[in-house]
Structure formats: structure tokens, C-alpha cells
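Chemist: What would the 3D arrangement of this be:
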Amino acid sequence: MPNVQTGSRALPYWELVTLIACIMALNAAAIDVFIPALSNISQSLQLSDPNRAPFVITAYVLGFGAAQIVYGTLSDRFGRRPVLLIGLAIYVAASLAAVFSPTFGVLLFWRAVQGIGAAATRVIAVSIVRDCFGGARMASVMSLIMMIFMVIPVIAPNIGQLVLLFGNWREIFFAIAGFGALVTLWTWLRLPETQHPEDRLPLTVSRVAGAFRTVVTNRVAFSYSFGTMLMLGVLFAFINQAEQVYAHTYALGPAFTLYFSAGAIFMALASFSNSRLVQRFGMRRLSHGALVLYAMFSTIHLLIALVSGGVPPFAIFMPMTILTLCMFGFVGTNFNALAMDPLGHVAGTASSVLGFMQTLGGGLIGATIGYFYDGTLIPLLTGYVVLSLLSIGCVLVAERGRLFRRELPPARIDEPTVAVAAAPAE
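Modeler: Residues are numbered from 1 along each chain as shown. Here you go, the predicted structure:
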């Protein structure tokens, strides 16, 4: 594999991929590690309605989504590295402050601030990859990053459950702050600036408005991003309801984190498979086929739930959940790459605008579906079906009514060294 050359610095390809994955994993960790702690938070802070506890996840997601619109613009002007380090510092500080939250409202505030800091990790990580790679090669690299990234949803709920055995939700924030501090140090010591100096864009109202207009008026980018938003709504709905469904509907108790992790493992395997298959079949064929199958599996699952009194047998629920998560592994990374591919000249702003729309919209959709939890799977599975069908509609708009369009043969991932900008003087 090539090194990423940065003037006098050379970052090995494997380290770049691993570091970007860890930067993005801070976001997953801040969400998934709290899944088993929602009941503990509800009891500790004496919530009158247990369905409010998932707002701990929603507050973070909303802060994460809203702040993305700022980071991309700043990184296009000042570079990726300094803006990313500022976001990481906010993430760590908010994680520590949340430990001392006296009320649920204060906890939600610090969770939103934590999300604001983490927004830099999503926007700038994608921008860095887009700085270095393009097209199917970008999709392949993002799939490898997502494969490493998906280790966090596998282990984070179990770490959260382990911490709860010896403490409570406050200790979980200490663990998150420690992880964030380690990633911040690694980034500061090793990550170079990847934006070419000639690509720096002035921070003016007209320039920012022009870049935003470019993003939202590009049919392909906007449609694929909107489709991603709908699918993220599905994923956030599942995450919001995971503890209630596994631990209460199916009465699995604390062991539910093992089943949740099993689904994450298969999703990670799907992302890894995508990194290999996308070089052969292309982003469109893989993602379109996976989305159609997702809609089919979700419809079958909903029908089974309807004839089972709202709660399918666990022996059916678990395999169907794994199948849908596998399909999501083929949709998310490819859709993001398809949305970003025509926007390389405004990569930072593009990443922020698309991330803002995807995460904020997906978080609100997921929270809405999650709040309708009634002890059955009907609200959740109905959301799966409706949102996946709407996402197919977005793809049809992007592709002018044509699915599975053939692409040009993609570049190999092990082709010559990727040259990026030299890091600025410290």
C-alpha cells in the first residue's frame, strides 16, 4: 500500500486509514456506549417518562448534525488539521463536564456540546479522504475505514455494560473522555494537513453561499444525501429502541448487548465486503441492489410482526435484523461516496452541508420513531419500510429513473502514491 506523502512527512496508508477510523469512531462510541445506560440514567435522574431517556442519544445527534454546517466551511478556509483539533478538544471537555450533570436538562446540554465537538470528526474525516482519493477508490477506502469504525458498535455497548457493573453512567463519560484524549494526541502528533494550499477558499458570505448553492443544486449529490438521511433515520430509530426491544420486549436483560454486538459484526463484515466488491461491480450496482433488498426484507419482517401480534419470535427477529444491517453496510458508504464525488472542489463545505442534512434529519426521524415505542416492533418496522421506499425514490431522482447504471472501471486502490499538501509549520 502507498504512503501519503506530505512534504517531509510520510504517513503510511494503513495508519491513515486506522487514524481516520478512530477519529470517526469517537462519534460511534459516544452513542453506542450509552445504549445499556439509558435505564440507569432514567432511574438516577428520576425521569417520569422512561421514553425520554433516549433523548440522551438524540441531544448528541442533534448537536452533531447542526454543527457540521460550520466545520466544513472553516476547514475549507483554515485547513483540515487545526479545525479538527479544536473539535476534538470540545469533545473531550464536554465529556468531562457531563460527568457532573446534576439534572437531566444539564446532561442533555453537555451531550449536545459533545456532539458539536464530534461534528468535526465526521466532516473533516470525510474531507481528508476526499482530499486524497476519488470515485470508487474513495468508496473502497471509506469501506475499510467503516470496517474498523464498526468495531466500536461491537464493543462499546459491552464496555458500557461492564462499567455499569462497577459504577453508573457518570463513569462512562470518563471512559469516553479518555478515548477522546488518546485520539486527540495521536492526531496532533501524526496527522498532516491534507488540503492543498491552492484549494483554500476565502471566508466570505458570497463564497460560502456559492458553495452551499453548488451542493444543494447538484441533483446527484443532494438526492443521494437525502436518501442517506432517510436510511440514517432507520439506523437511529433502531439505536434509540435497542435497549427497550432487546432487554424489555424480548426480556434479554443485560445480555442484550451481546446480541446488539452480533448485528454490528455482520454490518462491519458487509462494509469490508463492500470495500472489495465495489472495485468490481461499482457503487451504484451494489448500493441500489442492497437498498432494494433492504426494503424487501423490512416488508417481510413487518408482515411477520403483524401476524405475530406485534412481536415476532426472537428466532425470526434476530436473523431479519442481521440481514437488514448487512444491507445497510452496502448502502451507507456508497451513497456518501456518490454524493461527495461531484463536489471535490468544495469538499469541506460539501461534507458539512451533506452531513448537516443527513445527521440532523436522520436524528429527528429516528427520535420520532423511537418515541412511539409501545412494547411491539410495529412502529420500528413500519419506519423501516416507509423510509427505505422513500430512499429508493431519492435514488430514482438522482439517476433519472434508472437503477443499477454501469460505471467506468474504477482505479485500483494500490496504485501510485497519493500526494497531498505539506503540513503547515508548527
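Chemist: pLDDT value on residue 147, please?
Modeler: Among the per-residue scores, residue 147 shows a pLDDT of 66.
Chemist: Please disregard the earlier target; I meant residue 313.
Modeler: Residue-level confidence at residue 313 comes out at 94, pLDDT.
Chemist: What's the local residue count around it?
Modeler: 10 (other C-beta atoms under 10 Å). Placement of C-beta: from N, CA and C, glycine included.
Chemist: likewise residue 172?
Modeler: By the measure other C-beta under 10 Å, the count of residues near residue 172 is 28.
Chemist: Show me the helices in the stretch 151-300 of the chain, by range?
Modeler: If you assign secondary structure with DSSP state H, counting those that start in this stretch, the helices in the stretch 151-300 of the chain sit at 151-166, 169-190, 205-217, 219-243, 256-281, 283-307.
Chemist: In a markdown table: those, plus distance to residue 387.
Modeler: Converted to a markdown table, the helices of the stretch 151-300 of the chain look like this (distance: least, C-beta to C-beta, whole Å):
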| stretch | distance to residue 387 |
| --- | --- |
| helix 151-166 | 20 |
| helix 169-190 | 29 |
| helix 205-217 | 21 |
| helix 219-243 | 4 |
| helix 256-281 | 17 |
| helix 283-307 | 9 |
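Chemist: Tell me which of the ones you listed sits most buried.
Modeler: Scoring these by mean neighbour count under mean count of other C-beta atoms under 10 Å gives helix 219-243 as the most buried, with a mean of 24.
Chemist: packing partners for it?
Modeler: If you count contacts as 3 or more C-beta pairs under 8 Å, 6 or more residues apart in numbering; DSSP states H and E, helix 219-243 packs onto helix 55-78, helix 205-217, helix 256-281, helix 314-340, helix 347-371, helix 378-398.
Chemist: State the phi and psi torsions of residue 167.
Modeler: phi -160, psi -140 (degrees, to the nearest 10).
Chemist: Would you check how far apart it and residue 158 are?
Modeler: Residue 167 sits at a distance of 15 Å from residue 158 (criterion: C-beta to C-beta, to the nearest Å).
Chemist: Check residue 240 too.
Modeler: Relative to residue 158, and taking C-beta to C-beta, residue 240 is found at 19 Å.
Chemist: repeat for residue 68
Modeler: 29 Å.
Chemist: so which strand or helix has residue 11?
Modeler: Assigned by DSSP states H and E, residue 11 belongs to strand 9-12.
Chemist: Can you name the element that comes right after that strand?
Modeler: Towards the C-terminus, the helix or strand next in line after strand 9-12, according to DSSP H and E, is helix 13-32.
Chemist: In PDB, could you pull the C-alpha coordinates for that following helix?
Modeler: Listed next in PDB are the C-alpha coordinates belonging to helix 13-32 (Å, rounded to 0.1, in the frame of the first residue of the first chain):
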ATOM      1  CA  TYR A  13      -1.600   4.100   4.200                       C
ATOM      2  CA  TRP A  14      -2.600   1.700   7.000                       C
ATOM      3  CA  GLU A  15      -2.000   4.400   9.600                       C
ATOM      4  CA  LEU A  16      -4.100   7.000   7.700                       C
ATOM      5  CA  VAL A  17      -7.000   4.600   7.400                       C
ATOM      6  CA  THR A  18      -6.800   3.500  11.100                       C
ATOM      7  CA  LEU A  19      -6.500   7.000  12.400                       C
ATOM      8  CA  ILE A  20      -9.400   8.300  10.300                       C
ATOM      9  CA  ALA A  21     -11.400   5.300  11.500                       C
ATOM     10  CA  CYS A  22     -10.600   6.100  15.200                       C
ATOM     11  CA  ILE A  23     -11.500   9.800  14.700                       C
ATOM     12  CA  MET A  24     -14.900   8.800  13.300                       C
ATOM     13  CA  ALA A  25     -15.200   6.100  15.900                       C
ATOM     14  CA  LEU A  26     -15.400   8.800  18.600                       C
ATOM     15  CA  ASN A  27     -18.900   9.500  17.300                       C
ATOM     16  CA  ALA A  28     -20.000   5.900  17.400                       C
ATOM     17  CA  ALA A  29     -18.500   5.400  20.900                       C
ATOM     18  CA  ALA A  30     -20.400   8.400  22.300                       C
ATOM     19  CA  ILE A  31     -23.700   6.900  21.000                       C
ATOM     20  CA  ASP A  32     -23.400   3.100  21.400                       C
END
